[in-house]
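>>> 3D model of this:
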Amino acid sequence: MKPIKKHFVTIYTLTLAAALFTGCVFSGDPGTPPKETGPSTNPIAVTSCTDLPAAQQKTADSLVTLATAKMTADMEYLFSDTVDSWKTAKARDPQAALALYDQALKVAPGHCGATFGRAVASTMKLTQDPKVDAFATKAEAASNANNGSGIPKISSGRALLKLSPDQAAPVLLKLTASMNAIDYPTVMDFQELAASTLLPKLDSTIAAIEVALAYANFAFEFTTQDGRMIQLDQGDIGPLLAGLKVTKAWLTIAVGYQWELGLNGTYWWIDSIRNIQTPDFDHLRPGQKDALDHLTGLFSTSSLFSKIKPDWKTSVNGIPALLLSAVNDAQTGLRYSIAEAGKTTGQEHDLYVVGTGPNADVDPADLQEAVDLLERSKKYLSGEVPITYNKGIRTLKVNFSKLFEIDGVQGMLPYFKFRPYSEWNDTVSADTSWVTGLYGEAGTELLGKLGYDSRKDYLLSLQLSPTSYSDSNMQVTVYNQAKDTVIDSLPTYLGSSTVVATLTRDSNSPCTYHYNKSYERGLTPGATVTNSRDAYSVPDPYQSISKVSSGTIHLSLCRETNGQVEFAEYIDATTKSPMYFTNATGDSTVDVTDLGKYSDDLPALDSKIIFRDPTFGGVFPELTQSNIWTVINSLKTVEPRTKQVCEMTSDGGWGNYKCTTVKVSDPSDLDLLISVSYIMNGPL
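Reported below is the predicted structural model:
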């Protein structure tokens, strides 16, 4: 990229700031849910660009020159290395430039340079918006906390190692309390911000730039601090406007649907499910059951998740028209650039030079190809399109515009039911690997029966330590992982490794062990870390108990074969699927675990997996329950002619993949769709 081009990227990025503000949405407790905001209905008044009397033009030009100089300085500051946080980003108020543009428009309504410049400056003004400030501050605080900063007096996990045992527990509790107190932004927070602030700002920016694009031969000029003059003409403004409209489409999707996943205002249920172990399904804690109920409920047709908000239905349904408008804007800009290629002057300050000479950046033939492809894309936004495959033998009609009429993905799913949670860990079949050493699955069983659980003792590693695998005597040793861990750097009371129990095999029953325990799980008063997500308390690491306990345990994952004692090392178990498919009346048709039997005969699934709507809301208008699996089966043999070739390149000693899309000379609709998929997501 030539140095001059970076300023276009800066302006483009700046104008998109309203839409791309957060980068991601964090999880947490939203407190009181914000009031739902519908799309703005306020009319946006932008005076059309017009030719002005000489005196008005001169006065307004002077004001625009001053305003643009200030805006350029503000913009270069915003994207400089000085800005390393939200605090420094909002430290500079672009109000001075905005006021000068307003003054110019008051003197000369219809001044195109003032209209365009004000659109960019007003976008920068978002850094001063109270709602944006509140959201950005919250997001930055959460990000810092997630990176391990923001906890007072604990500069790193290693600092905990320097604390004595009696100091460590209260510090851990304070740290946990600090993390729980962090106010994370949520999906609803972002949706409210986008609906009330970002989208209205984007709409006004789009309206102003539409006016500028419609004004023949308009160009916006500015000079950078290093003295370089840059000119943005219709060749740049057209694609810029198209990008803004695509961004509006994405924001409308983000705001116009019910995407909130929270349970009682929090997302902690996700962690609760993540921490469920296979045996837990037989005795779920209340919090775990609530989490699973919430997860399975999202798939119900009565769930609001993924459904269009009533107030946003018109906006969501209008996305195809919005994208079609974006295509037209992009074409307008590209055609202007192509026309400039035949001129001898006029591109001296352009971001890129169009032509075929040695100083050209872009060949007009490449731009014309882009215009043609955009023209071809319009049909996908306007109705049904037949896509041929299998060398033209088969055709599949698609209607992509119908995607924005689907009200909830649940209605697109096949009929199915969830099993009771207690069956989710039921074994259908198992292949067990048996060894003579007591470790693996049998070792885990033994530790659990002794009351030692490495899933709960998150700082400790529990290990059986026989002198040899044929010995009848063994030890249970606890290894402190804190010395190798940064996050969990809390010293235990046991040192780096401590024997906590000894075991002796029963001479008459080889799968029975007698044990003596010298350490038990214990609690320091007040040192319980409570996990409020599923009402599960994680106690402090082991404490020394003076009273030695003893007893006998029997291992179920143990057997004696021909006088040889063997233990289960690994169990490759197939458990029941949490769900099974049904017909419309709820009768079971096929289990998920049996689907592999149909891999070579997909049409046989016509009576097994029955879709509520095989057309998927009209996206595939010709699909029916009787032909859907035949069509899917026919797609198995489709190989794209458009391919992506990737090769390893060396850049400063680091290996990187460089991928190139190999095009065909006569691309079909399927070839074009695959090319787009490569651009958007990489290979299919």
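>>> State the distance from the residue lying closest to residue 564 once chain neighbours are set aside to residue 514.
Closest residue to residue 564 apart from its sequence neighbours, by C-beta to C-beta, 6 or more residues apart in numbering: residue 436 at 6.8 Å. Just so you know, the C-beta spots here come from the backbone N, C-alpha and C atoms, and that holds for glycine as well. Using C-beta to C-beta, to the nearest Å, residue 436 is found at 20 Å from residue 514.
>>> correct me, but the residue nearest to residue 564 touches residue 563?
No: under the criterion of C-beta atoms under 8 Å, residue 436 is not in contact with residue 563, lying 11.7 Å apart.
>>> more neighbours, those two?
Using other C-beta atoms under 10 Å as the criterion, residue 436 and residue 563 rank with residue 436 on top: 11 against 6.
>>> and the gap between that one and residue 447?
Applying C-beta to C-beta, the value for residue 436 to residue 447 is 19 Å.
>>> same question, residue 563
27 Å.
>>> Looks to me like residue 431 is in a strand.
Yes: assigned with DSSP: H, G, I helix; E, B strand; the rest coil, residue 431 falls within a strand.
>>> tell me the contacts of it?
Contact partners of residue 431, counting by C-beta atoms under 8 Å, 6 or more residues apart in numbering, are 571-573.
>>> partner residues bridging it?
Beta-bridge partners of residue 431, counted by DSSP bridges, are residue 572.
>>> Before we move on, what's the pLDDT of it?
pLDDT, residue 431: 86.
>>> How about residue 292?
For residue 292, the pLDDT comes out at 95.
>>> does it sit in a helix, a strand or a coil?
Strictly by three-state DSSP, residue 292 counts as helix.
>>> Tell me, how many residues neighbour the closest residue to it other than its chain neighbours?
Nearest residue to residue 292, sequence neighbours excluded (C-beta to C-beta, 6+ apart): residue 421, at 5.8 Å. Residue 421 has 18 neighbours, counted by other C-beta under 10 Å.
>>> quick one, what contacts residue 421?
Counting by C-beta under 8 Å, 6+ apart, residue 421 has contacts 281, 284, 289, 292.
>>> got a list of what the last one touches?
By C-beta under 8 Å, 6+ apart, the residues touching residue 292 are 273, 276, 284, 421.
>>> What segments of the stretch 251-400 of the chain are helices?
Assigned by DSSP state H, counting those that start in this stretch, the stretch 251-400 of the chain shows helices spanning 268-274, 286-297, 313-317, 319-340, 364-377.
>>> Distance to residue 669 for these - can I get that in a markdown table?
Shown next, in a markdown table, are these (distance: least, C-beta to C-beta, whole Å):
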| stretch | distance to residue 669 |
| --- | --- |
| helix 268-274 | 39 |
| helix 286-297 | 38 |
| helix 313-317 | 24 |
| helix 319-340 | 16 |
| helix 364-377 | 8 |
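>>> Ok, which of those comes nearest residue 427?
Each of the helices of the stretch 251-400 of the chain was scored for nearness to residue 427 using C-beta to C-beta, and the closest is helix 286-297 (19.7 Å).
>>> Give me the buried positions along that closest one.
Under the neighbour-count criterion of 16 or more other C-beta atoms under 10 Å, helix 286-297 has 287-288, 290-292, 294-295 buried.
>>> Can you give the contact residues for the helix ranked longest in the chain?
Longest helix of the chain, by residue count under DSSP state H: helix 54-78. Here helix 54-78 makes contact (C-beta under 8 Å, 6+ apart) with 10-11, 14, 52, 83, 89, 92, 94, 96-98, 100-101, 103-105, 107-108, 111, 113-114, 117, 120-121, 124, 127, 220-225.
>>> out of those, which are inside strands?
Secondary structure assignment by DSSP state E places 220-223 of the contacts of helix 54-78 in strands.
>>> Show me which of these is closest to residue 587.
Nearest to residue 587 out of these is residue 220 (C-beta to C-beta; 66.5 Å).
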